[in-house]
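coords below, sequence missing:
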């Protein structure tokens, strides 16, 4: 079928009145011509009219057949079912409100938890081609007794862990190793390093505030493909020893502290008693590489000796020391280069450098608080992890609790479905005569089932819309519960296309789930009793009672299970709240003072 005919069908679907009026006019014209011919043949006006109607045939049937030609009949039927469903629901607003509110609670709870899962586990970084990004890490066997795992974790900026066998895994590298990896241009189109600066003292115009800081290499923003909305990003010329310290602030910090004032670009500020120049503002969707943590200010890596003077030991720079593993490395793989190929290319050079460091450490041992390659029993193995979703610290912490919560709210939705199914069965008693009349005059059972399912899906979609509004409010509350006082979590939980698609699919599935069985039982009445207005009910007898009882029993069982779980959870919270910590917790305030940020 040509595209012109498809376009004509689509146009007729949205402008049905004009084609219908044209068809009526054409039919009347044919009838008038036929009547005139009959009058000319000597028939009376009445006879000429009825003969013309008999010869033309069923005008209504001809009109229906024409509509099937110029439009999509299935879409037309769905449109009719939808309008009829709205009219039916408008006649019983109390029933519709009860169903919509029940479904909104179930769908809204599922949407809220899925929004958190989407923000923590599914969203990719808002950068160019995030699927090409990889985070480098290594693993090695540590010599027992050389350095406790707690000291290692404290000394490194990256994520470091040690299992029971003493095997270390870490994402931290020394700066000389980063330079080695960055030089392998046959593997990476770009590679960049970053390190946590923690909370920094950000002062401007005599007013100082705390801000989350991060140290980045000069190719950080270029490697991510992130553009600034004002000013420029940190470049290679800014990330050199002796360069004038500069800073890029986040859009949220720019909006919250400076009211999106463009004149802030180029102004002087003081960070940890170090004069810096604000040169740019990051885009609003970019919060950093770690979901849940919003960076306020980015500084060049080579500003680290001034920003963090307490991290420099023995007068040696962290940029030449080989035993200070403090930067994390992320790279963008070249097109056509797999992770396996990249690992093979980099691991040989990496182990060669580590072997040289171990030999130098044995010849000239020096006491250090940092993790050294000399404390490894074997050469480390280099590995990659996909970084399209950023660092996975938040996912490791909250993935299991979120999945458990998703199962719980799924149970809530099933309870709501059982409740609505019972309401639909009760409502079917009031519609038994209507359904019986439609069946008696020739309506197909399948057609009526489709009509009833349309009503169910319509209720579910209305419940989904209301649930989406409830979810948009409750997700922010859930983020506050996930956050601790000292470590707040910053997550963008605004509904996106994935959340909207989940809500739509959940609503559609819910509408079919609770509407299919009642619709099937509704179209099986005793026609004679129903037309006599008897008090029969679709599916009367033991089958009907058995189905209704099954719904009630399942609803009570799931509610009881959910109630027990909620009770145990509340009791656990009460026990934790009442735990004896050995001191009076009332009116106690915990605070810290870091004099190094003020130059002390």
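Right, received. Where do you want to start? Keep in mind it's a predicted model, so treat the numbers as computed, not measured.

Lowest mean pLDDT among the helices and strands of the protein, which one is it?
Across the helices and strands of the chain, mean confidence by mean pLDDT, DSSP states H and E is lowest for helix 149-155: a mean of 37.

So for the residue nearest the centre of the chain, what's the pLDDT?
Nearest to the mean C-alpha position of the chain, by C-alpha atoms, centre = their mean, lies residue 118 at 2.5 Å. The model reports residue 118 with a pLDDT of 90.

Quick check: it touching residue 496?
Yes: using C-beta atoms under 8 Å, residue 118 makes contact with residue 496 at a distance of 7.2 Å. The C-beta positions use only the backbone N, C-alpha and C, and glycine is treated the same way.

Check which helices and strands the longest helix seen in the chain is in contact with.
Longest helix in the chain, counting residues (DSSP state H): helix 445-482. Under the contact criterion of 3 or more C-beta pairs under 8 Å, 6 or more residues apart in numbering; DSSP states H and E, helix 445-482 touches helix 73-91, helix 93-117, helix 393-428, helix 432-440, helix 497-522.

Using a markdown table, please lay out those helices together with mean neighbour count and distance to residue 449.
Output for the helices and strands packed on helix 445-482, formatted as a markdown table (neighbours: other C-beta atoms under 10 Å; distance: least, C-beta to C-beta, whole Å):
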| stretch | mean neighbour count | distance to residue 449 |
| --- | --- | --- |
| helix 73-91 | 13 | 11 |
| helix 93-117 | 21 | 18 |
| helix 393-428 | 17 | 12 |
| helix 432-440 | 17 | 10 |
| helix 497-522 | 19 | 5 |
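
Quickly, which of these bottoms out on average pLDDT?
Among these, helix 432-440 carries the lowest mean pLDDT (a mean of 71).

name the helices or strands packed onto it?
Here helix 432-440 is seen to pack against helix 445-482, helix 527-531 when contacts are counted using 3+ C-beta pairs under 8 Å, 6+ apart.

what's near enough to touch the residue lying closest to residue 133 once chain neighbours are set aside?
Once flanking residues are discounted, residue 133 sits nearest to residue 387: 4.1 Å by C-beta to C-beta, 6 or more residues apart in numbering. Under the criterion of C-beta atoms under 8 Å, 6 or more residues apart in numbering, the neighbours of residue 387 are 125, 130, 133-135, 289, 330.

separation between residue 387 and residue 191?
Residue 387 sits 12 Å away from residue 191 when distances are taken as C-beta to C-beta, to the nearest Å.

Can you check which residues contact both of those two?
Counting by C-beta under 8 Å, 6+ apart, the residues touching both residue 387 and residue 191 are residue 330.

buried residues in the longest strand belonging to the chain?
Using DSSP state E, we find that the single longest strand of the chain is strand 188-204. Using 16 or more other C-beta atoms under 10 Å as the test for burial, strand 188-204 gives 188, 190-197, 200-204.

Format those residues as a markdown table; extra columns: distance to residue 262 and pLDDT.
As requested, the buried residues of strand 188-204 are exported to a markdown table (distance: C-beta to C-beta, whole Å; pLDDT from 0 to 100):
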| residue | distance to residue 262 | pLDDT |
| --- | --- | --- |
| 188 | 35 | 91 |
| 190 | 29 | 92 |
| 191 | 32 | 93 |
| 192 | 27 | 95 |
| 193 | 30 | 95 |
| 194 | 27 | 95 |
| 195 | 30 | 93 |
| 196 | 29 | 90 |
| 197 | 25 | 89 |
| 200 | 23 | 91 |
| 201 | 25 | 91 |
| 202 | 19 | 93 |
| 203 | 21 | 91 |
| 204 | 15 | 91 |
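
can you redo those residues as TSV with distance to residue 212?
TSV is the format used below for the buried residues of strand 188-204 (distance: C-beta to C-beta, whole Å):
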residue	distance to residue 212
188	27
190	24
191	24
192	19
193	18
194	13
195	13
196	9
197	8
200	8
201	12
202	10
203	15
204	16
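
ok, so of those residues, who is nearest residue 571?
Closest to residue 571 out of those is residue 196 (37.9 Å), distances taken as C-beta to C-beta.

Hmm, residue 216 and that closest one touching each other?
No: using C-beta under 8 Å, residue 196 is not in contact with residue 216; the gap is 10.7 Å.

So what's the residue count around the closest residue to residue 510 other than its chain neighbours?
Nearest non-adjacent residue to residue 510, counting by C-beta to C-beta, 6+ apart: residue 460, 4.7 Å away. By other C-beta atoms under 10 Å, the residues close to residue 460 number 30.

Which residues are in contact with residue 460?
Counting by C-beta under 8 Å, 6+ apart, residue 460 touches 103, 107, 507-508, 510-511, 514-515.

From residue 413, how far out is it?
Where residue 413 is concerned, residue 460 sits at a distance of 11 Å (C-beta to C-beta).

list residues touching both of those two?
In terms of C-beta under 8 Å, 6+ apart, residue 460 and residue 413 are both contacted by the residues 107, 510.

Could you verify my assumption that residue 192 touches residue 220?
Yes: with contact defined as C-beta under 8 Å, residue 192 and residue 220 form a contacting pair (4.5 Å).

Correct me if wrong: residue 119 contacts residue 493.
Yes: in this structure, residue 119 is within contact of residue 493 by C-beta under 8 Å, at 5.2 Å.

Outline the domain layout of this structure.
What the record gives for the chain is the domain set 3-71, 91-122+394-577, 130-388, from automatic domain parsing.

just checking, which of the ones you listed comes out with the lowest mean pLDDT?
Looking at these, the weakest mean confidence is domain 3-71, a mean of 69.

Now for the closest residue to residue 468 other than its chain neighbours: which residues touch it?
Closest residue to residue 468 apart from its sequence neighbours, by C-beta to C-beta, 6+ apart: residue 503 at 5.3 Å. Residue 503 sits next to 107, 111, 464, 467-468, 471, 495 when contact means C-beta under 8 Å, 6+ apart.

Distance to residue 455 for those - can I get that in a markdown table?
Below are the contacts of residue 503 laid out as a markdown table (distance: C-beta to C-beta, whole Å):
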| residue | distance to residue 455 |
| --- | --- |
| 107 | 17 |
| 111 | 22 |
| 464 | 15 |
| 467 | 18 |
| 468 | 21 |
| 471 | 24 |
| 495 | 26 |
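
for the stretch 201-350 of the chain, what spans make up the helices?
Shown for the stretch 201-350 of the chain, the helices assigned by DSSP state H, counting those that start in this stretch span residues 220-224, 251-258, 304-307, 339-363.

Would you mind saying which of the ones you listed lies nearest residue 273?
Of all those, it is helix 304-307 that lies closest to residue 273, at 8.5 Å by C-beta to C-beta.

and the closest one, which residues are buried?
Within helix 304-307, judged by 16+ other C-beta under 10 Å, the buried ones are 304, 306-307.

from those residues, which is closest to residue 319?
Taking the buried residues of helix 304-307 together and measuring to residue 319 by C-beta to C-beta, the closest member is residue 304, at 8.3 Å.

Now for that closest one: which residues touch it?
Contacts for residue 304 were tallied using C-beta under 8 Å, 6+ apart; they are 195, 197, 215, 311, 318.

Which pair of those residues spans the longest distance?
197 and 318 (12.9 Å).

Identify, from the buried residues of strand 188-204, the entry nearest to residue 557.
The nearest member of these to residue 557, counting by C-beta to C-beta, is residue 196 at 49.1 Å.

partner residues bridging that closest one?
residue 214 (DSSP bridges).

Over to the one 4 residues further on?
Partner residues in beta bridges with residue 200, using DSSP bridges, are residue 211.

doesn't residue 208 make contact with it?
No: the pair residue 200 / residue 208 is not scored as a contact, 10.1 Å apart, by C-beta under 8 Å.

Which residue comes closest to residue 190 once chain neighbours are left out?
In space, residue 190 comes closest to residue 223 once its chain neighbours are excluded; the distance is 3.7 Å by C-beta to C-beta, 6+ apart.

Now do stretch 328-336: everything it contacts.
Applying C-beta under 8 Å, 6+ apart, the contact partners of stretch 328-336 are 129, 132-136, 157-158, 171-173, 178, 181-182, 186-195, 223, 289, 339, 342, 387.
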